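# Coordinates for the following, if possible.
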Amino acid sequence: MAEQRKIRVAVVFGGRSSEHEISCVTAGSVMSVIDTERYEVVPIGIGRSGTWVLASADPQQLALTDGTLPEVVEDAAHTSALALPFAAGSDLLILRDNDIPETLGQVDVILPLLHGPFGEDGTIQGLFEMMGARYAGAGVFASAAAMDKVFMKVLLAGQGIKVGPYVAVTDRAWRRERKRVLDDIADLGAAVFVKPARAGSSIGITKVDDPGDAEAVSAAIETAREHDPKVIVEAGIAGREIECGVLESLDGGTPEVSLPAEIHVADGFDFYDFHAKYLSTSSLTIPAPLPADTVDELRRLAGEAFDAVGCEGLARVDFFYGDDGEIYVNEINTLPGFTPSSAFPQMWAATGLDYAALVDRLIRTALERGTGLR
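Numbers count the residues shown, from 1 in each chain. I've put the predicted structure just below:
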């Protein structure tokens with residue numbers, strides 16, 4: 001009797017966004033715990049230029065060491081370039097270094113670990129849909145909607161979920177109606193956070209203490225526009241930063257929600273920016289020290305937000321628990337930070353699902369999902 005083939009999992013990481021290195025760290029962490037007795041891992045790196053390569057399966061090659069962030073190597077001497085056939089049901093990956101292309105065979109499921117634009121925003125999910133491939137995580141629309149902080153807030157508010165005050169700054173409005181935009185921002189009346197609308201990992205964010213300071217606000221908008229021509233300006237909310245992890249139910253029922261975590265920003269940082277998040281002593285308290293009824297409400301709202309956007313697989317829902325007692329949803333991340341030290345895995349570990357089991361669950365959920373419209 002022939003030995004049963006292992007389930008082939010393509011782990012896709014890197015990408016063209018400013019979160020390239022964080023994606024690589026995530027992939028290394030995930031590959032270090034995938035059950036190789038059950039799964040055969042096909043590591044696929046996407047370089048900064050957009051080249052797809054067959055990468056090393058050694059997690060240490062993607063580790064964060066001595067403050068140095070890893071990246072996908074595109075050097076032809078060290079990696080093999082890949083091509084995609086784009087035909088549903090065909091072998092998914094083809095080596096194209098040689099005169100005669102070599103197929104790598106059928107992949108059963110794709111685990112996309114791409115943060116930011118061109119990976120977390122529905123673009124690569126659309127590619128996988130066209131190829132008829134199963135993949136983990138949210139679909140095209142939910143990925144795109146959650147990535148765009150403006151449309152995400154519109155969807156949440158439409159479902160009666162409270163979000164904080166904000167101003168959307170489109171490229172056209174900034175070029176043609178700058179005074180009106182600055183007046184709207186000044187009306188927010190409190191310290192504001194100026195963000196790229198479709199970026200993550202707190203990249204490109206500036207805090208402006210006086211929203212009426214047109215020069216400071218303009219400079220912050222230009223900084224955000226280095227990452228995205230669309231910008232969102234959010235009013236600061238006095239309170240505590242709380243997060244919950246959400247997982248798609250294995251039986252198709254109500255999403256499951258983790259215990260909440262509270263973020264404590266390290267001394268010397270004004271807010272939870274990139275360096276405070278990844279390169280400092282910022283910490284989490286899990287479970288967050290909150291009244292039981294508040295914890296229940298946070299978990300309920302996290303599940304509602306997950307459904308409101310149409311998420312699948314996983315998401316992290318970020319809240320502000322205001323000093324006024326109100327709960328505001330700030331963001332939904334369809335591919336949250338996923339190293340063992342990231343909030344999402346830590347919250348699930350505290351809830352009873354360890355890191356290896358969490359990765360396995362994402363793969364199993366994706367395998368059980370069909371292809372095509374759903």
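# Next up, the contacts around the residue sitting nearest the centre point of the chain.
Computing the C-alpha centroid of the chain and ranking residues by C-alpha atoms, centre = their mean puts Leu335 first, at 2.9 Å. Shown in contact with Leu335 (C-beta atoms under 8 Å, 6 or more residues apart in numbering): 112-115, 119-120, 137, 314. Yep, even glycine has a C-beta here, placed from its N, CA and C like the rest.
# how about low-confidence regions in this protein?
Where the chain drops to pLDDT under 70, the residues are 1-3, 66-67, 76-79, 83-105, 200-201, 266-282, 374.
# Doesn't Asp318 lie inside a strand?
Yes - looking at Asp318 with DSSP: H, G, I helix; E, B strand; the rest coil, it is inside a strand.
# Isn't Phe151 up against Phe141?
No - counting by C-beta atoms under 8 Å, Phe151 stays clear of Phe141, with 10.1 Å between them.
# quick one: contacts for Lys179?
If you count contacts by C-beta under 8 Å, 6+ apart, Lys179 has none.
# got it, and Gly189?
By C-beta under 8 Å, 6+ apart, the contact set of Gly189 is 211, 235.
# now swap in Glu368 and tell me
For Glu368, the contacting residues are Leu250, by C-beta under 8 Å, 6+ apart.
# Could you check how far the residue nearest to Thr206 when sequence neighbours are not counted is from Lys230?
Distance criterion C-beta to C-beta, 6 or more residues apart in numbering; nearest residue to Thr206, sequence neighbours excluded, is Ala220 at 3.7 Å. Taking C-beta to C-beta, to the nearest Å as the measure, Ala220 falls 14 Å from Lys230.
# the more surrounded of these two?
Shown here are Ala220 and Lys230; by other C-beta atoms under 10 Å, Ala220 has more neighbours (24 against 21).
# That one is in contact with Val208, isn't it?
Yes - if you go by C-beta under 8 Å, Ala220 and Val208 touch, sitting 5.2 Å apart.
# any residues in contact with both of those two?
Residues within reach of Ala220 and of Val208 at once, by C-beta under 8 Å, 6+ apart, are Val194.
# The nearest residue to Thr123 once chain neighbours are set aside in helix, strand or coil?
The spatially closest residue to Thr123, leaving aside those adjacent along the chain, is Pro117, at 7.4 Å (C-beta to C-beta, 6+ apart). Recorded secondary structure, Pro117: coil (three-state DSSP).
# How about the contacts made by Pro117?
16-17, 123, 147, 198-199, 228.
# Ile161 too?
Going by C-beta under 8 Å, 6+ apart, Ile161 touches 301, 304-305, 308, 329.
# circling back: quick one, what contacts the residue nearest to Thr206?
Contact analysis of Ala220 by C-beta under 8 Å, 6+ apart lists 194, 206, 208.
# coming back round to it: most neighbours among the contacts of Ile161, which one?
Result: Ala305 is most packed of these (other C-beta under 10 Å), 28 neighbours.
# so which strand or helix has that residue?
helix 292-309 (DSSP states H and E).
# next one: Leu155
helix 149-158.
# what sits up against that helix?
144-146, 163, 166, 168, 195, 197-198, 230, 232, 305, 308-309, 329, 331-332.
# so which of the contacts of Pro117 comes closest to Arg240?
Arg240 lies nearest to Ala199 out of those, by C-beta to C-beta, at 23.9 Å.
# how far away is the closest one from Ile22?
Counting by C-beta to C-beta, the gap from Ala199 to Ile22 is 12 Å.
# do the same with Gln346
To Ile22, Gln346 is 16 Å away according to C-beta to C-beta.
# quick one: the helices in the stretch 101-250 of the chain?
Ranges of helices in the stretch 101-250 of the chain, per DSSP state H, counting those that start in this stretch, are 123-131, 140-147, 149-158, 171-176, 178-186, 214-225.
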